[in-house]
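Undergrad: Just the structure for this:
(chains A and B)
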Amino acid sequence: MKRERTMRWVIGIAAVVASVIIFILPFAFIIIQAMKTRQEASELAFTWPTELAFVENFVEVITQRDYIVARAFVNSTVLTVASVTFLVVIAAMVGYVMQRRASKIRTVANFFVLAGLIVPPAVVPTVWVLQTVGLFGTLPGLILIEITFGLAFSILLFRAFVATIPRSLDEAAIIDGAGPFRIFLGVILPLMKPTVVTVIVVQSVQIFNDFANPLYFLPGDDNATVQLTLYNFQSQSSNQWNLLFMDILLITIPPLIMYIFFNRQIVAGLTSGAVKG
Amino acid sequence: MRAGRARKVRTLGTARHAYPLWFYLPAAVLFLVFFAIPTFASFYFSLTRWTLFDQEFIGLENYIQFFREPQLYQSFINTLIYGFVTSGLKVVIGLALAVLLTSALVGRNYLRSVIFFPVLVSTIGVGIMFKALLDPFDGVVNGALETLGITGPGWLTDPDLALLTIAGIDVWKGLGIACLIYIAGLVAIPQEYYEAARVDGASKWAVFKSITLPLVKPATGTVIILSLIGGLRSFDLIWATTGGGPGFSSDVIGSVIYKQYQAGFYGLSTAGNVVLFLVVTAIMVPISLMLNKREIEQ
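TA: Numbering: from 1, shown residues only, chains lettered A, B, ... in the order given. Prediction:
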């Protein structure tokens, strides 16, 4: 018994040490580089800066190239909030009806949800569709794309969760004379709060961190999203490592805040959805 | 037929109006316009020389070019290697870590959050970070190896190594999700099984092999499916670390699609998309069928 307890400590401490080297040090490296002057950062050394330039780097990242990073933050925020809001409502509606009502449409919808999870989006034809409807290179266009690509996963989570809500609640609302939209918004959606939180957090992080879709569907500096701004500080010949790392640091803050606030819900929602779904 | 339908409506009428089919509508429109139409159109456009405004039908020429040009063909092989390596490592390491993190361990909660943290950082950010850490001359990793008397390789600059290095970074970043799914799977296993095994005096390895491993299969299925889909489609991380280089040694189909798009070869780019579609479907459909079947048998 005593031997087992010592083993527990030995393994635990070994794991903590390993985790510090493998996971903590790389992030410490980012933070330290973000504090250095350009010259010192270019050495990429894991040393404490001799001259602190944290505030200067921060100001420079934000103001460089006509405040492109600041504008990108606005763009990414609008993109994320709008996409996730619509995504939650639209996917919840589908998940609800899909779980409750058997129909031919359900069979078709099931197939498309699976297809949406597996099939890689066809990039250039999507550009072509966006151009045809006049939304290529616009924020609303990218919002519609992000909603579409997030649908399959979100519907799966919602459908699995609706199954845990007793039908008698719907029936009670029907007897009270509530219309379908009232039942959905007034009864079902509030009960789905855990899944709503999971979808919000997972999709926000995903959309905020998305690189490929903005790259393809929202090109150009005017509409840059935060992930694309990282390319401002990289060039063929020399990188401005200090600014690059400051930028990484800044764009990691929003997902981090999400995580700190919703840590438990993400884990619970993700695992129940992922293992059962 | 009609009479039967009418009867059905009458009996279920009250219940049905609560679940209107038009709730499908917004999702269906988006899905149709921005997913289904582009997917179907891609089959046609992949057979054309395409400028987005004009298209000229050229048959299978794009595909012939894709598989005849060594660097394009290489991307096909690389995609398979990348997908299977990342997925395999995530299963093995993810399960091992999850077993460790569900045992009574010092610092367990800290470890869980730390492993999950990279999931939150953007892939491009992670890519840039590792590009700096793994720099063959100035990088911290090779610096540390040097103090141990080892000359580190050019992790991302050696053509033989670049793809595997990126796969390693991918595992580093995505391990948190695999681990989380496994933790959920492990926690769901009833403790009685373990107690019974302990009474029987089974060794730790025997317990793992005949209790944990079979009962954690649904989680394994989820991890394999998620990581394979992600791995086969990968683009961001490769783009941020090597851009497909050195040469074309770490190009995958995803990066080829982008390169051809950038160069204005829209037909060829779309052919790459169709190839990716076929690869992913050919691998994922049998795997998900197999995994689903197993789950039912249980």
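
Undergrad: Strands along chain B, start to end?
TA: B:48-50, B:55-57 (DSSP state E).

Undergrad: is whichever strand or helix holds residue A:8 up against chain B anywhere?
TA: Using DSSP states H and E, the element containing residue A:8 is helix A:2-19. Yes - residues of helix A:2-19 contacting chain B under Cβ under 8 Å from any Cβ of the partner chain: A:8-9, A:11-13, A:15-16, A:19. C-beta coordinates here come from the backbone N, C-alpha and C atoms, glycine included.

Undergrad: what residue ranges in the chain score low on pLDDT?
TA: All of this is about chain A. Across chain A, residues meeting the criterion (pLDDT under 70) sit at A:1, A:235-238, A:266-277.

Undergrad: looking at chain B here, not the other one
TA: Those would be B:1-16, B:294-298, if you go by pLDDT under 70 across chain B.

Undergrad: Which residues are in contact with the spatially most central residue of it?
TA: Nearest residue to the geometric centre of chain B (Cα atoms, centre = their mean): residue B:230, 1.8 Å. Residues near residue B:230 by Cβ atoms under 8 Å, 6 or more residues apart in numbering or on different chains: B:86, B:174.

Undergrad: and with 7 Å instead?
TA: Counting by Cβ atoms under 7 Å, 6 or more residues apart in numbering or on different chains, residue B:230 touches residue B:174.

Undergrad: for residue A:32, same thing?
TA: Contacts of residue A:32 (Cβ under 7 Å, 6+ apart): A:48-49.

Undergrad: For it, grab phi and psi.
TA: For residue A:32, the backbone dihedrals (degrees, to the nearest 10) come out as phi -70, psi -40.

Undergrad: And stretch A:139-157, what's buried?
TA: A:139, A:141-157 (16 or more other Cβ atoms under 10 Å in any protein chain shown).

Undergrad: nearest residue to the residue of the stretch 1-150 of chain A found nearest chain B other than its sequence neighbours?
TA: Taking Cβ to the nearest Cβ, chain B has its nearest neighbour within the stretch 1-150 of chain A at residue A:12, 2.8 Å off. If the residues on either side of it in the chain are set aside, residue A:12 comes closest to residue B:106, at 2.8 Å by Cβ to Cβ, 6 or more residues apart in numbering or on different chains.

Undergrad: now do residue A:146
TA: The shortest distance from residue A:146 to any non-neighbouring residue, by Cβ to Cβ, 6+ apart, is to residue A:83 (4.0 Å).

Undergrad: Which secondary structure elements does the helix or strand containing that neighbour sit against?
TA: Assigned by DSSP H and E, residue A:83 belongs to helix A:54-100. Judged by 3 or more Cβ pairs under 7 Å, 6 or more residues apart in numbering or on different chains; DSSP states H and E, the packing partners of helix A:54-100 are helix A:25-35, helix A:104-118, helix A:139-162, helix A:193-208, helix A:226-229, helix A:241-276, helix B:25-31.

Undergrad: Nearest to residue B:92 among those would be which one?
TA: With Cβ to Cβ as the criterion, residue B:92 lies closest to helix A:241-276 of the helices and strands packed on helix A:54-100, at 18.6 Å.

Undergrad: tell me the phi and psi of the residue nearest to residue B:59 when sequence neighbours are not counted?
TA: Spatial nearest neighbour of residue B:59, chain neighbours left out: residue B:47 (5.9 Å); criterion: Cβ to Cβ, 6+ apart. Backbone torsions of residue B:47, given as degrees, to the nearest 10, read phi -100, psi 10.

Undergrad: Touching, residue B:47 and residue B:56? I think so.
TA: No - at 9.9 Å, residue B:47 does not count as touching residue B:56 under the criterion of Cβ atoms under 7 Å.

Undergrad: Let me know how buried residue B:67 is, in neighbour terms.
TA: By other Cβ atoms under 10 Å in any protein chain shown, 14 other residues sit near residue B:67.

Undergrad: can you check the one 10 residues further on too?
TA: When counting by other Cβ under 10 Å, one arrives at 12 neighbours for residue B:77.

Undergrad: Distance check, it against residue A:18.
TA: Distance from residue B:77 to residue A:18, counting by Cβ to Cβ, to the nearest Å: 33 Å.

Undergrad: Repeat that for residue B:142.
TA: Taken as Cβ to Cβ, the span from residue B:142 to residue A:18 is 20 Å.

Undergrad: Could you do residue A:29 as well?
TA: 17 Å.

Undergrad: Please say which of those two ends up with more neighbours.
TA: residue A:29 (18 against 11).

Undergrad: Count the neighbours of the closest residue to the more buried one other than its chain neighbours for me.
TA: Distance criterion Cβ to Cβ, 6+ apart; nearest residue to residue A:29, sequence neighbours excluded, is residue A:46 at 6.0 Å. Neighbour count for residue A:46, taken as other Cβ under 10 Å: 16.

Undergrad: Please apply the same query to residue A:70.
TA: Neighbourhood size, residue A:70 [other Cβ under 10 Å]: 14.

Undergrad: what do you get for the one 5 residues further on?
TA: Other residues lying near residue A:75 total 22 when counted by other Cβ under 10 Å.

Undergrad: What of residue B:185?
TA: Residues near residue B:185, counting by other Cβ under 10 Å: 25.

Undergrad: Skipping adjacent residues, who's closest to it in space?
TA: residue B:219 (2.9 Å).

Undergrad: who's in contact with the one you found?
TA: A:275, B:181-182, B:184-185.

Undergrad: Can you get me a residue count around residue B:142?
TA: 19.

Undergrad: nearest residue to it other than its sequence neighbours?
TA: residue B:152 (3.3 Å).

Undergrad: close enough to count as contact, the one you found and residue B:140?
TA: No - counting by Cβ under 7 Å, residue B:152 does not reach residue B:140; the two are 10.2 Å apart.

Undergrad: re the thing from before, let's see if you can find the most crowded of the residues of helix A:2-19 next to chain B.
TA: residue A:15 leads the residues of helix A:2-19 next to chain B on contacts (other Cβ under 10 Å) with 21 neighbours.

Undergrad: my guess is that one meets residue B:112, correct?
TA: No - counting by Cβ under 7 Å, residue A:15 stays clear of residue B:112, with 11.0 Å between them.

Undergrad: Surely residue A:30 touches residue A:249?
TA: Yes - if you go by Cβ under 7 Å, residue A:30 and residue A:249 touch, sitting 6.0 Å apart.

Undergrad: need the contact list for the closest residue to chain A within the stretch 1-150 of chain B.
TA: Across the stretch 1-150 of chain B, the shortest distance to chain A (Cβ to the nearest Cβ) belongs to residue B:106, at 2.8 Å. Shown in contact with residue B:106 (Cβ under 7 Å, 6+ apart): A:8-9, A:12-13.

Undergrad: again, but for residue B:85
TA: Counting by Cβ under 7 Å, 6+ apart, residue B:85 makes contact with B:164, B:167.

Undergrad: Kindly tell me how buried residue B:254 is, as a neighbour count.
TA: Using other Cβ under 10 Å, the number of residues around residue B:254 comes to 26.

Undergrad: Which residue comes closest to it once chain neighbours are left out?
TA: residue B:235 (3.3 Å).

Undergrad: Ok, residue B:105 next?
TA: residue A:12 is the one closest to residue B:105 (Cβ to Cβ, 6+ apart), at 4.7 Å.

Undergrad: Go ahead and confirm that neighbour touches residue B:107.
TA: Yes - counting by Cβ under 7 Å, residue A:12 sits close enough to residue B:107 to count as a contact (5.2 Å).

Undergrad: picking that back up, now that we have the contacts of residue B:106, can you turn them into JSON lines and tack on distance to residue B:127?
TA: Output for the contacts of residue B:106, formatted as JSON lines (distance: Cβ to Cβ, whole Å):
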{"residue": "A:8", "distance to residue B:127": "37"}
{"residue": "A:9", "distance to residue B:127": "37"}
{"residue": "A:12", "distance to residue B:127": "32"}
{"residue": "A:13", "distance to residue B:127": "31"}
